[in-house]
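Asks: starting from these lines, generate the structure:
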Amino acid sequence: MTEPIELVLLSNSRLEPKPHNGLLTYNPTIELYAGAAGSKTLQIWRSNGQIVTKSSQRGEKDSVEALRWKADGQFLAVGWSDGVVRLMGLETNKAVHQMQICQARRSRITCIGWARNNARMRQDSTASSATPVEDRIPHNLLQSIKKTAVDLPRELTFLEVETALPKLSPLPASGGSGDDSFVFTTRASLEFLFQPFVPRDSDRVDVMIVGTEDGQIHVSIYDSFIIGAFQYGLPQPSEKNVHLQLYHHASHSDLSTHMLVFKPSGQGKTSAIYLVPMDLTFIHSSPENLSLLASKTTTLQKLLRYVKQVQMHMIHEWQSTRELPTRFLNSINETLRESGNYGEMSIGQAMYHSVVTGHTFPEVREWLVDQLAERGHKRWDKAVVSGLQALRGLVHENLIPALERIGIILSRLLGIARFHESKAETGFTSAQITRIMDVVSCLMLVGNKILLIVMEELELFQSFSIWLRHEIDRLASSSLTDELTEKEATMEHGKILAYIQLYMSSSPLRHYLNNIPADNSENGRQQAEGGSSLLELLSKQLKKQDTGQSDESIFAQVEFLCGYLDDKADAIFEGIAEAEKRSVRFGQPTPIELESGISKFDVVVSTIPSSDTSHASTYTALTTEEEESSVYIFRTAMDVLNGISGSVTTEISYIVLSDGKVLDLKFLYDDSLLVLWAAKDQPLRLIRIPHKSDDLGYQPYSPGVKMTPHTLSNEQISSVFPNMTVPCEPGFVPAQMEVKGASSERGKIPPRVCLLGSDSQTYKVFALPEDSSGKPTEA
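Replies: As a prediction, this is how the structure comes out:
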């Protein structure tokens, strides 16, 4: 009998508070783990137990329902009781993406699956069957050709232009609104969100599957691009009319068909589960277009969110700029009206009079000296200058760079639309993209107009502010000093008068940065849809403004343009999603029914790919509450032709592991089933079962038919299967196990076994031994 290998302890932590419902998961590529620290708080720890971040929702009213790391460990998907899946980045404790899955109290999130597909698999396998390139190229040319790119169209397709543009700047911490108010406020979070495109990512499609209690299946790709929701039910006529909910999800990177595991809705423990293939044929049929489309549209979604926050900040800064001066001016205007000596004269006319004649009305003198004074002037100056400078920065450093990036992405989408011509294939037309580009052009024009006005207003206000301070000092002084006389000689009276006349009471920025009533916004949309180009409508409005004509149109308002841009972009996103949604189908279900409730289970998918047909096998391992020493392994085989699953056959292997107890079981890679096994008077063991081996005695499976088990003694368990002992102190009993494969994305990390104790606080992580290929070493 071979001596078992002892696992190496990597970390030993004590969790405070206990994970809610056992929600605890280890990052696949980084030494971090996340869990529900109590029901209301998400918490992320380092492997040494140090807390990295905490997060809760709405004053800790919502609870954590589900957790799942992305395959590369960059994002954590968190399902909350308000029906929203929030994606947490590693650089911030704020959600960088949010997806509304269901309505709170009507349903709840039950499962999150997140997998990665290799979109180039079909093309590569097809290319491999063609004539080798060496046989078609003369030998003397082969060496030089090998040094160059052999797929120039593909290289051009995924050529990144955005990296040549200046980086987006963070937004101020205050002034934003909504769920994204803090997402774009740090350089780290911006770089995390807008990471440069990596060429190898063009071959990958990250698919998220979210299930809810009412049986809905929500599919999204590339982090946050939502394909749509599906309601699955067993085919009719069916022996049982049961409502199902998603219980688990499994997939293989080279297979566009995913395996969904359902159970009857509303049940805690269940004795029956249903394996249902979900064919995502859009991954198989159009990997190149899908990769480009989804990556660009996801970036476009993030840029639109960024622009929306910039718009809010711009309006906030302008309102802040006007608020204090307006209060000052309203106060003196009211005083002038109450005096009854000057008719309808306003403070603007009174100041204009003072600049031209040097005479100051008594009420204005009193206001300048006693009310405004030096302190009020400083507040006025700071409010206007800081507000206009912030507005200038928002336009120059945030709005225009973001619009430039949006323009580049839209040009790529326009090329795709023109290439395919048919909306049915891509979900949008070139006319739709042209319309959005028209809106972006309007925003660019308005942004530059705002920039010019702000620069002019700043210049004029500085002259006005100097004069205003001079007037306060002159009127407060009993005699005219030489210093005051010298200052007066340097005054730029033309600029002072221009500011009083054009900016002081009513800035031209009001044509661009006012809040828009809903009725006006709707009327503007109707006019914009009337057939004329929005850019033409805007140009006409700007010409009227330049000539001093009155125009009530709102085409120059940033709030209207951003809202209209969002609406048009949403129509594109919905069209793309609908086109992909038509390519989703569900295959033949496989029921797995046992006599007692399932206590632990896991599912893995393996495949043998070929040019058109892939041979897929789904392995389901489980143990039941009444048969604690038994392991059931179901092998469900099917062929997948051109991305569509065919008929299904199921076999079973039924193993009894002596008189020990199976605490948990999990698949590692697609060739190893790790069974956590505890026997009396023996150390805790991890048994590796090669579940693909036909030596396990697979037999055809039919629900309800009793099977004869393969019963193994303790000695046979040690000799037939590789064994590993789990070193732990007496009294430690694992309640759940998680297994993670080896990773080299951020430094070499071995495959890991993560054990949560029955006290729900002791958390141990062990390293599995590896051979040179990265697979677990056999004992």
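Asks: got any ranges where the stretch 601-750 of the chain has weak pLDDT?
Replies: 609-612 (pLDDT under 70).
Asks: looking at the chain, which residue lies furthest from center?
Replies: For the chain, the largest distance from the centre (CA atoms, centre = their mean) belongs to residue 479, which lies 66.8 Å off.
Asks: could you check how far that residue is from residue 275?
Replies: Per CB to CB, to the nearest Å, residue 479 is found 97 Å from residue 275. Using the backbone N, CA and C atoms, a C-beta is placed for each residue, glycine as well.
Asks: still on that earlier bit, pretty sure the residue farthest from the centre of the chain sits in a strand.
Replies: No: under DSSP: H, G, I helix; E, B strand; the rest coil, residue 479 sits outside any strand and is assigned coil.
Asks: give the buried residues for stretch 689-698.
Replies: For stretch 689-698, the neighbour count (16 or more other CB atoms under 10 Å) marks 689, 691, 692, 696, 698 as buried.
Asks: ok, now stretch 380-397?
Replies: Using 16+ other CB under 10 Å as the test for burial, stretch 380-397 gives 380-381, 383-384, 387-388, 390-397.
Asks: ok, so of those, who is nearest residue 414?
Replies: Looking at the buried residues of stretch 380-397 and their distance to residue 414, the nearest is residue 395, at 25.7 Å (CB to CB).
Asks: how about the secondary structure of the closest one?
Replies: helix.
Asks: what's the average pLDDT for stretch 757-777?
Replies: Taken as a whole, stretch 757-777 has a mean pLDDT of 78.
Asks: and for stretch 51-64?
Replies: For stretch 51-64, the mean per-residue pLDDT is 81.
Asks: list the buried residues in it.
Replies: For stretch 51-64, a neighbour-count test (16+ other CB under 10 Å) marks 53, 55, 56, 57, 62, 63, 64 as buried.
Asks: got the phi and psi for the third one?
Replies: Per-residue torsions, residue 56: phi -140, psi 170 (degrees, to the nearest 10).
Asks: which residue sits closest to it, ignoring its sequence neighbours?
Replies: The shortest distance from residue 56 to any non-neighbouring residue, by CB to CB, 6 or more residues apart in numbering, is to residue 41 (4.8 Å).
Asks: one more: residue 643?
Replies: Using CB to CB, 6+ apart and skipping the chain neighbours, the partner closest in space to residue 643 is residue 284 (3.1 Å).
Asks: output the longest helix belonging to the protein.
Replies: Longest helix in the chain, counting residues (DSSP state H): helix 287-339.
Asks: in terms of secondary structure, what does the host helix or strand of residue 424 contact?
Replies: Using DSSP states H and E, residue 424 sits within helix 423-426. Applying 3 or more CB pairs under 8 Å, 6 or more residues apart in numbering; DSSP states H and E, one finds that helix 423-426 makes contact with helix 400-420, helix 558-581.
Asks: now find how far off-centre it is within its chain.
Replies: Counting by CA atoms, centre = their mean, to the nearest Å, helix 423-426 is centred 25 Å from the centre of its parent chain.
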